[in-house]
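Visitor: Fold the stuff below for me.
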Amino acid sequence: MPREAWAQWISPETLLFQVYNTAPYLRDRVPASEPGRLIEMGATPDGFLRILSSWENIRRGDLQHGEQLQDYFALCLACHHATVATYVPTDVDTKIRGMAWRETSDVEVLKPMLRFALGARAWTEQGISTRAVRGVSGHNGEHWSAIAGGLGRMLELGDNASAEEAQAAIEAEIDREQAVFDQTAAERDGELDLLRLAMTLSHNRGDLTQGMGFWKKTPVMLPLMEHLSTRGRFDLAVRMYQDTGLSAEGHRHYPLRPVKALRRSPATLLPLCPFLDDWGSVVAGLEESDEVLAALVIGCQKLKGQQGYYRAIAGMYAASSGAFDRAASRMPSATQRLLRSAEMRKLINVPRVSFESMMRKRARASLDRRTG
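Guide: All right, here's what the predicted structure looks like:
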């Protein structure tokens, strides 16, 4: 039997299991399955959902190896888009940024993959993320990292026209994100959104770097790598990310992953840290609020320097002090003692308005240092 294109990687069945494990609510959103190639289903805003519903088409017996590779790439990108802002994203970064592109040297197989990656930028984020800020999100970085993988491979194989199209798309997105950041920086009361943008652009910069990490370091490739690294440096955003303490917030949130109650609904998807007061008010209403509270308390101990989890706990308390006390009483004794510690109480008791005022001042001070 011929080897399946994904034989050395994660199977399609496992990918779908992982998607619905972290986002079970998507089962109610996927449309009816449809016949056809997965690589041809991505051209609509709900293209990733169409692919999830029709994933079994990848098992068609008449598909050649190159066609399997195309459909597997489409499935990986759809799964990644659906889960990257959830608590347990599917781990396919290396596939969409490099490995799938390097599985073949046939540009006629790779061209539809690049067209698919370019089209996937139009997929909706509604119901799968609460992290978009003024039209900019981490999904943008994930998409251009996949496009960067295709750009490098096409250039390596001599398809300059495809490479130029991919490069133009990346540079246009860099310009768009920088323009949104600059416009927000010029606003009188835009500091909190500016901080969210600083975090997002910093992470997106890293995604672009990782996408280029699969390129061969040849005399042809190195100048382009330097060019895109410079164009997508986002200097001011990255400096603000570092100056204001946002870099301590992290983005993987391992302490929250075991709490399955957080995965039941998109209403409990985590927004960008550290502004989690409203999210804390939402999760305070969960039946398993004690599990959420315990995870946040443990997270405060493990993630030194972060502030988001303290704000989430403050939001839970603000929603209902009585419900908060009942949730706390159901936690393990050791976790209750951590919650009662003087340092923990001090940080939780900071009023929201005071915390946000402090963050506004940090953002403005960072701007003044860099532009003064």
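Visitor: State the distance from Arg252 to Asp189.
Guide: In this view, Arg252 and Asp189 are 31 Å apart by C-beta to C-beta, to the nearest Å. The C-beta positions use only the backbone N, C-alpha and C, and glycine is treated the same way.
Visitor: again with Asp46
Guide: From Asp46 over to Asp189 the distance is 35 Å, taken as C-beta to C-beta.
Visitor: and Val136, what are its phi and psi?
Guide: phi -120, psi 140 (degrees, to the nearest 10).
Visitor: What is the neighbour count of it?
Guide: 24 (other C-beta atoms under 10 Å).
Visitor: residues touching it, list them.
Guide: Residues near Val136 by C-beta atoms under 8 Å, 6 or more residues apart in numbering: Arg176, Glu177, Val180, Phe181, Leu197, Thr200, Leu201.
Visitor: Is Asp193 in contact with Val180, as I believe?
Guide: No. Counting by C-beta atoms under 8 Å, Asp193 stays clear of Val180, with 9.2 Å between them.
Visitor: which residues do these two both contact?
Guide: With C-beta under 8 Å, 6+ apart, Asp193 and Val180 have common neighbours Arg134.
Visitor: more neighbours, Arg252 and Asp189?
Guide: Neighbour tally, Arg252 and Asp189, criterion other C-beta under 10 Å: the higher count belongs to Arg252, 11 against 7.
Visitor: pLDDT score assigned to the more buried one?
Guide: For Arg252, the model assigns a pLDDT of 86.
Visitor: how about the nearest residue to Leu269 once chain neighbours are set aside, secondary structure?
Guide: Leaving aside its sequence neighbours, Leu269 sits nearest to Thr130 (C-beta to C-beta, 6 or more residues apart in numbering; 4.7 Å). Following DSSP: H, G, I helix; E, B strand; the rest coil, the label given to Thr130 is coil.
Visitor: So Val283 sits against Ser320, correct?
Guide: No. Contact criterion C-beta under 8 Å: Val283 and Ser320 do not qualify, at 11.9 Å.
Visitor: for the stretch 251-372 of the chain, what are the low-confidence residue spans?
Guide: Residues of the stretch 251-372 of the chain that meet the criterion pLDDT under 70 lie in 371-372.
Visitor: Please list the members of the contacts of Val136 that lie in helices.
Guide: Counting by DSSP state H, the contacts of Val136 place Arg176, Glu177, Val180, Phe181, Leu197, Thr200, Leu201 in helices.
Visitor: hang on, the earlier thing: neighbour-wise, which of Val283 and Ser320 wins?
Guide: Neighbour tally, Val283 and Ser320, criterion other C-beta under 10 Å: the higher count belongs to Val283, 27 against 15.
Visitor: Leaving out chain neighbours, which residue sits closest to that one?
Guide: Val292 (4.8 Å).
Visitor: what helix or strand does that neighbour sit in?
Guide: helix 289-302 (DSSP states H and E).
Visitor: Please write out the alpha-carbon positions of whatever helix or strand comes next after that helix in PDB.
Guide: Where DSSP H and E defines the elements, the next helix or strand beyond helix 289-302 is helix 308-319. Only the C-alpha atoms of helix 308-319 are listed here, as PDB (Å, rounded to 0.1, in the frame of the first residue of the first chain):
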ATOM      1  CA  GLY A 308      -4.000  38.900  34.500                       C
ATOM      2  CA  TYR A 309      -4.900  36.100  36.900                       C
ATOM      3  CA  TYR A 310      -5.100  38.500  39.800                       C
ATOM      4  CA  ARG A 311      -7.500  40.600  37.800                       C
ATOM      5  CA  ALA A 312      -9.600  37.500  36.900                       C
ATOM      6  CA  ILE A 313      -9.900  36.600  40.600                       C
ATOM      7  CA  ALA A 314     -10.900  40.200  41.300                       C
ATOM      8  CA  GLY A 315     -13.600  40.000  38.700                       C
ATOM      9  CA  MET A 316     -14.900  36.800  40.200                       C
ATOM     10  CA  TYR A 317     -15.100  38.500  43.600                       C
ATOM     11  CA  ALA A 318     -16.800  41.600  42.200                       C
ATOM     12  CA  ALA A 319     -19.500  39.500  40.600                       C
END
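Visitor: Show me what helix 308-319 packs onto, helices and strands only.
Guide: For helix 308-319, the elements it packs on are helix 277-283, helix 289-302, helix 321-329, helix 342-348, helix 352-371, judged by 3 or more C-beta pairs under 8 Å, 6 or more residues apart in numbering; DSSP states H and E.
Visitor: Among those helices, which comes closest to Thr22?
Guide: Thr22 sits nearest to helix 289-302 of all these, at 15.5 Å, using C-beta to C-beta.
Visitor: Tell me how far the residue nearest to Leu114 when sequence neighbours are not counted lies from Ala117.
Guide: Closest residue to Leu114 apart from its sequence neighbours, by C-beta to C-beta, 6+ apart: Gly150 at 4.2 Å. According to C-beta to C-beta, Gly150 and Ala117 sit 6 Å apart.
Visitor: One more: Glu108?
Guide: The value you get for Glu108 to Ala117, if C-beta to C-beta is used, is 16 Å.
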